[in-house]
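Enquirer: Based on what follows, work out the 3D shape:
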Amino acid sequence: MGVRMRAASVLSFALILLAGLAKADQAPPKSACANPDALGVSRTLEIGAAGGLHIGQKTYPQTLALADREVVLTFDDGPLPGLTTKVLDALAAECVRATFFVIGRNAEANPAIVKRAALAGHTIGHHTWSHPARTLRGLTPAAAIADIARGMDATQRAAGPGPLAADHPVVPFFRFPGFADTPETLAWLDSHGVAVFGADLWASDWLPQTPEAQLDLTMKRLEARGGGILLLHDIHAQTVAMLPMLLRRLKQRGFRIVHLTPGAARPALKEPPKGWKSETGDFLERYMPRTRPAAERPGVMRAKGG
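Expert: Numbers count the residues shown, from 1 in each chain. Coordinates of the predicted model:
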């Protein structure tokens, strides 16, 4: 199954890949930031996924080989009016760029926000069409792949088409809802050159907490790990309220922002620590096992009447 893309448009393509104009590992020009005290972006790292790339040690053994106290900011589940827009305001105030893993139906409903994010230099990744309640593991492989492809198509149209092959997303970054991958969906993404992102740490912002408590928890985890790929959600008011405080605290504590953009070269990777185990994998296997035909499931009887 391919992801349908429209004809190339130089202007629209600029909206998507403005973040990728800088060379890998180069910081954006200082003149691009009007705030001399801003956190800013320390460097830009290009990500190529030829042959398959699965990163983020909450789920996968490998992750990006970031330096100590380097952080990649990622946001899931948007865009939503009034929330994602405030996230973009906070990032702009600190001259910071992030990666947004966008739900296709939200992108289709709010294309202006997606375009604003792309124009500001943020990277627009993909997060399925519908973010199924039981994750993609609750769907058949064909239905799961169709949901991924539909989401890519919707997000692509919202942000603007590009000149890559018709069955490839312009920004080949994807994150599974709930980190719930399957062999079939991973194989499909690998065959299309799409990098699959997990996370190295998160703010647990799906749990109700005050912005101050969420800030303390996030910083505690960042300090303990020394940085990494951080997962946040731009659909939660508590995260939106926390973000300006987080960006200031990161600067105060000497953390640096790394911005990710699509590229051709495979990035340097960090191997897992001794005794590594997939935290999300254990949880998912227990509570959200992969869907299989009823005849293949132990102890499951076929319903009468088919």
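Enquirer: For residue 151, see how far away residue 108 is.
Expert: 9 Å (CB to CB, to the nearest Å). Where you see a C-beta, it was placed from the backbone N, CA and C, and this is true even at glycine.
Enquirer: Between the two, which is the more surrounded one?
Expert: residue 151 (28 against 18; other CB atoms under 10 Å).
Enquirer: Can you list the buried residues in the helix or strand containing that one?
Expert: If you go by DSSP states H and E, residue 151 is part of helix 141-159. Using 16 or more other CB atoms under 10 Å as the test for burial, helix 141-159 gives 141, 144-145, 147-159.
Enquirer: Out of those, which is nearest to residue 281?
Expert: Proximity of the buried residues of helix 141-159 to residue 281 (CB to CB) peaks at residue 144, which lies at 17.0 Å.
Enquirer: Surely that closest one and residue 187 touch.
Expert: No: using CB atoms under 8 Å, residue 144 makes no contact with residue 187, being 11.5 Å away.
Enquirer: Spatially central residue in the protein, please.
Expert: Geometric centre of the chain, nearest residue: residue 101, 4.0 Å, by CA atoms, centre = their mean.
Enquirer: which residues touch that residue?
Expert: By CB atoms under 8 Å, 6 or more residues apart in numbering, residue 101 lies in contact with 74, 75, 76, 77, 125, 126, 127, 173, 174, 175, 197.
Enquirer: is it true that the fifth one lies in a helix?
Expert: By that I understand residue 125. No: looking at residue 125 with DSSP: H, G, I helix; E, B strand; the rest coil, it is strand, so not inside a helix.
Enquirer: Excluding chain neighbours, what is closest to it?
Expert: Computed as CB to CB, 6 or more residues apart in numbering, the closest residue to residue 125 that is not its neighbour in sequence is residue 173, at 3.5 Å.
Enquirer: Likewise for the third one?
Expert: Distances taken as CB to CB, 6+ apart put residue 101 closest to residue 76, at 4.8 Å, once the chain neighbours are dropped.
Enquirer: now swap in the second one and tell me
Expert: Taking CB to CB, 6+ apart as the measure, residue 75 lies nearest to residue 234, with 4.2 Å between them; neighbours along the chain are not counted.
Enquirer: What's opposite the residue nearest to the centre of the chain in the beta bridge?
Expert: On the basis of DSSP bridges, residue 101 is bridged to residue 76, residue 125.
Enquirer: can you count the residues close to the closest residue to residue 272 other than its chain neighbours?
Expert: Spatially, and ignoring its direct neighbours in sequence, residue 272 is nearest to residue 61 (4.1 Å; CB to CB, 6+ apart). Neighbour count of residue 61, defined by other CB under 10 Å: 16.
Enquirer: again with the one 3 residues further on
Expert: Residues near residue 64, counting by other CB under 10 Å, number 23.
Enquirer: Tell me the pLDDT of it.
Expert: Per-residue confidence (pLDDT) for residue 64: 98.
Enquirer: Next up, the contacts around it.
Expert: Residue 64 is in contact with 45, 55, 72, 228, 229, 258, 267, 268, 269, 270, counting by CB under 8 Å, 6+ apart.
Enquirer: is it true that the third one lies in a helix?
Expert: This means residue 72. No: according to three-state DSSP, residue 72 belongs to no helix; its state is strand.
Enquirer: Which pLDDT does the model give it?
Expert: Looking at residue 72, its pLDDT reads 98.
Enquirer: got it, and the fourth one?
Expert: Per-residue confidence (pLDDT) for residue 228: 98.
Enquirer: quick one: it from residue 274, how far?
Expert: 18 Å.
Enquirer: Then the first one?
Expert: Applying CB to CB, the value for residue 45 to residue 274 is 26 Å.
Enquirer: Skipping adjacent residues, who's closest to residue 180 in space?
Expert: According to CB to CB, 6+ apart, the nearest residue to residue 180 is residue 135 (3.5 Å).
Enquirer: burial measure for the one you found, as a count.
Expert: 22.
Enquirer: what residues are up against it?
Expert: 176, 177, 178, 180, 284, 288.
Enquirer: Do you have the strands of this protein handy? List them.
Expert: Here the chain has its strands, by DSSP state E, at 43-47, 54-55, 63-64, 70-76, 99-102, 123-126, 173-174, 195-197, 201-202, 227-233, 256-262, 269-270.
Enquirer: can you redo those strands as JSON lines with distance to residue 88?
Expert: Formatted as JSON lines, those follow (distance: least, CB to CB, whole Å):
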{"stretch": "strand 43-47", "distance to residue 88": "18"}
{"stretch": "strand 54-55", "distance to residue 88": "25"}
{"stretch": "strand 63-64", "distance to residue 88": "24"}
{"stretch": "strand 70-76", "distance to residue 88": "10"}
{"stretch": "strand 99-102", "distance to residue 88": "9"}
{"stretch": "strand 123-126", "distance to residue 88": "12"}
{"stretch": "strand 173-174", "distance to residue 88": "18"}
{"stretch": "strand 195-197", "distance to residue 88": "20"}
{"stretch": "strand 201-202", "distance to residue 88": "20"}
{"stretch": "strand 227-233", "distance to residue 88": "13"}
{"stretch": "strand 256-262", "distance to residue 88": "14"}
{"stretch": "strand 269-270", "distance to residue 88": "30"}
